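Trainee: sequence plus the predicted model coming up.
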Amino acid sequence: MKPLCLTLLLLVGACQPEARRLLLVDLTLADPIVVENIAIPWHQAGYRVEYRQFYPHLTRADLARYRAIILLGGREPEAPSDALAIGDLAILKEWIRGRDGVVILGYASDTRAARGQREDGTLDRWVVNQWLASEGAGIAIGTELIDAPASPLPHSALDNSGFAPFPAGHNHALQIRDRSQVLARAPASALVAASRVQDGLVVVASRSLLSSATADSRTRQFLIELARWTRRPAEWAHVRAATHPMPLRLANAPQPVVVHPPPLKAPEGAAPITLPVPPRSRPGGRGADDESVDAPGWIARQGMRVFWSRFTPQSLDSLLAFVDIAALNALATVIPVGALADTLATRNIWRVTAERMQATSVRWFPGVSLYALASQSSTFERIRARRSGRSGRAEAQEAGPADEVNRHGDLMPVACGLDSLFWRETFRPAQRTLARLGGARADVITGVALDLDSAATYYRGSGFCDADFRVGLAGLGLDSADLRGALALPPRVRYDTLLERGWLQRYFSALEAAVAERAVALRGELRRLNPDVRFAFHASEMPADWFSLGLLRGFSSRDAPALLWIRERRVGELSRRYHEREIYGLAAVRLVPDRATFVPSEAARLHRLVFTEGAGFWLDAAATDSLGRVIRRFVR
């Protein structure tokens, strides 16, 4: 009897790890700092979450190692990313049939689509719908966009998730066969739905909702309860089972679906990491949180209170008046690239502006858009010039840096990130001009700002132009024969080759390090022009592409941390993660003034977030006197 009991205990112990393991796969190859907030609720519910960033496809070994998977959709065909392959769909089918496997499909629902602009991820949403239909799941991702709070469905299969509405990000309305499949909804649309497929479970939600756990405690609690529920197969019985499966049809996809058979295992060099990432220990027993940075006196006393705006000479007085009414202490203005040219007219503009700024106590951060600089240098601009009627000789004389190349081998409308000509003739002169607009006087210019928006999107799915490729391969430590063979690869197969050989992680690390090295040299040059200059970065999304991260590493140091103006409220966690990667920054919280922001209970919580966890706030709302007075009361 005792040997039998011992055997049973050993079997239970062997099965338990797999029952608790969850694989997170993101077809955009997002940095761990971006997807960590998706993993947190599942970790808190008892899962061991593992993230395989640099091989975003499923393998046969995954079937034995993991019980659950969160599959985050890509951005194709609207933006470059990886995409679902036929081999992935075959593994998903095995995952839920014949075993109580759990599949959570997080489709992409881009925030730009919610603002009436182009949306991303059409391909994977279409493929997911075809796969769900082939399994008879009774769920489909619709086309209607929902930007409203979600509510747990009363008396649903997920009974412990409460009743209060919670922020849900940007979603598509889900079409469902049966009401029992709905786990959360907007007033008239399903936002989270589930279906039983034989012994397995499929859950469909937007990746925007899955990543909203840090936005609100109610959202986090719903996601934790959802994660706990997926671990209890006995409670899935309340969800209607799949019926009427049909053959999988992929012939009319928005772009061809890759025929890629599932490998036995991921390549070496693409090992998963555990999320959340534990803090790294430092020599002497110090943790990453001990990596303090030196804040300037004006930030240590008051915190950053920044107004981000576009620059025009006509609007300067009104901007300064708003800054005074709102009791702000810094003004950041994005300057058109054309206004940086060294002409008599621009010199007069900057002389008058510098005199006006010198008469105030406002700290000025003139800035420029990285996308405007990088796109100005690309052949797309030269093509437009040719179409406007310039001669071929003039076009040849204007030949500039090479264009960036994406993972498909297609040209992107930005300059190659590591092209020396781009750095020497475009990026460096622009930064030098910004640092000297006030005559390199600290009482006029406190720092220079760089807007990472748009450019970060293009560099995120790219990095395969010739200059990038040579630098990245040099960082792999290949022998001469392998290096010669890799250098001969055409652009359209470079990404796939690196992916299948497990080289992607080291490749992108080499690109980031090369950008950081150039940024360090440029930082030293600019500080010789203006010893007190600070470097600030603005972004709508968390900077996580190789080019942006390289810039942040190069332009920051512990004695002169970069100033970060981004739309991320996990400022304390963000600073810690950046410190671990040798990026030293002071992060400000984006303030979105509305009626709900400054109610007493919310304002007190926000004040702690802004001035205790963060290093201040920044805003880009309309500059009105009434808004300025409300903000002035908030900062007191």
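Mentor: Noted; the coordinates are in hand.
Trainee: which is the next helix or strand following the least confident helix or strand in the chain by mean pLDDT?
Mentor: Ranked by mean pLDDT, DSSP states H and E, the helix or strand of the chain with the weakest confidence is helix 392-397, at a mean of 37. Later in the chain than helix 392-397, the nearest helix or strand by DSSP states H and E is strand 403-405.
Trainee: contacts for that next one, please.
Mentor: By CB atoms under 8 Å, 6 or more residues apart in numbering, the residues outside strand 403-405 that reach it are 374, 378-380, 411-417, 458-459, 462-465, 468, 491. For the C-beta atoms, the positions are set from N, CA and C on the backbone; glycine is no exception.
Trainee: and the lengthiest helix in the chain, how far from the chain's centre?
Mentor: If you go by DSSP state H, the chain has its longest helix at helix 504-529. Relative to the chain's own centre, helix 504-529 is displaced by 20 Å; criterion: CA atoms, centre = their mean, to the nearest Å.
Trainee: who are the packing partners of that helix?
Mentor: The elements that helix 504-529 packs onto, with contact taken as 3 or more CB pairs under 8 Å, 6 or more residues apart in numbering; DSSP states H and E, are helix 428-435, helix 466-474, helix 491-500, helix 546-555.
Trainee: which one of those is the most hemmed in?
Mentor: Ranked by mean neighbour count under mean count of other CB atoms under 10 Å, these are led by helix 546-555, which reaches a mean of 26.
Trainee: sorry, back to before: with respect to S109, which of the helices and strands packed on helix 504-529 lies nearest?
Mentor: helix 546-555 (23.0 Å; CB to CB).
Trainee: quick one, the longest helix of the chain and helix 546-555 angle?
Mentor: 40 degrees (axes from the mean of the first three to the mean of the last three CA atoms, to 10 degrees).
Trainee: go through helix 504-529 and flag the buried ones.
Mentor: 504-508, 510-516, 518-520, 522-523, 526 (16 or more other CB atoms under 10 Å).
Trainee: pLDDT of it, averaged?
Mentor: The average pLDDT within helix 504-529 is 96.
Trainee: same question for stretch 347-356.
Mentor: On average, stretch 347-356 scores 86.
Trainee: L201 belongs to a strand?
Mentor: Yes: according to DSSP: H, G, I helix; E, B strand; the rest coil, L201 belongs to a strand.
Trainee: and the gap between the nearest residue to R177 once chain neighbours are set aside and P152?
Mentor: Distances taken as CB to CB, 6 or more residues apart in numbering place G138 nearest to R177, at 3.0 Å, with adjacent residues excluded. Relative to P152, G138 is positioned 20 Å away (criterion: CB to CB, to the nearest Å).
Trainee: the closest residue to T426 other than its chain neighbours: how many residues sit nearby?
Mentor: Spatial nearest neighbour of T426, excluding adjacent residues (CB to CB, 6+ apart): S377 at 4.7 Å. Residues lying near S377 (other CB atoms under 10 Å) number 24.
Trainee: list the contacts for S377?
Mentor: G400, P401, V414, A415, L421, F422, E425, T426.
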